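Colleague: After the sequence you'll find the predicted model.
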Amino acid sequence: MQPMQKLNISKRYIDFPVPLHMHNFYELEMVTSGDGYNVINGVAFPQKRGLLYLLSPGDTHQIDCTSAVTLIHAGFLPDPENGLSVPLPEGGCVVQLS
């Protein structure tokens with residue numbers, strides 16, 4: 001999966017398991033509703049409202065829903081001129097917002 005443009009922003013609704021995969025772009029997503037787990041580079045994080053994560057190209061993840069998940073997705077291509085070619089910490093950056 002690859003962004004059609006340099007930056008893609010969309011709202012997504014997922015009601016099925018998303019198998020393990022990786023991208024060739026950065027992926028920033030925030031969960032707005034739903035429950036389940038997002039397994040990022042082998043580490044499981046509860047997938048619930050307020051989960052925000054940023055993955056770099058090559059990070060792996062999968063989504064296991066226990067109820068339908070709605071999220072805001074932003075995908076953007078690496079851009080060395082703007083400092084987006086440096087790998088993120090292993091496991092991506094994951095934050096649970098209140």
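Modeller: Received it, and whenever you're ready, just let me know what you need.

Colleague: So which residues of this protein form strands?
Modeller: Assigned by DSSP state E, the chain shows strands spanning 7-14, 18-22, 26-40, 43-48, 51-55, 60-76, 93-96.

Colleague: how about those strands in CSV, adding mean pLDDT and mean neighbour count?
Modeller: For every residue, glycine as well, the C-beta is placed using N, CA and C. Listed next are these as CSV, based on pLDDT from 0 to 100; neighbours: other CB atoms under 10 Å:
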stretch, mean pLDDT, mean neighbour count
strand 7-14, 90, 12
strand 18-22, 95, 11
strand 26-40, 93, 19
strand 43-48, 92, 16
strand 51-55, 91, 19
strand 60-76, 93, 17
strand 93-96, 72, 13
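
Colleague: Residue 57 is in contact with residue 24, correct?
Modeller: Yes: Residue 24 is within contact range of residue 57, at 5.1 Å (criterion: CB atoms under 8 Å).

Colleague: between those two, who's got more neighbours?
Modeller: Comparing residue 24 with residue 57 by other CB atoms under 10 Å, the one with more neighbours is residue 57, at 16 against 12.

Colleague: Show me what residue 26 is bridged to.
Modeller: Residue 26 has these beta-bridge partners by DSSP bridges: residue 76.

Colleague: quick one: it from residue 76, how far?
Modeller: Distance check for residue 26 against residue 76: by CB to CB, to the nearest Å, it reads 5 Å.

Colleague: Repeat that for residue 94.
Modeller: Residue 94 sits 18 Å away from residue 76, going by CB to CB.

Colleague: Need the residues that contact stretch 53-62.
Modeller: With contact meaning CB atoms under 8 Å, 6 or more residues apart in numbering, stretch 53-62 is reached by 17-29, 38-42, 45, 78, 87-88, 91-95.
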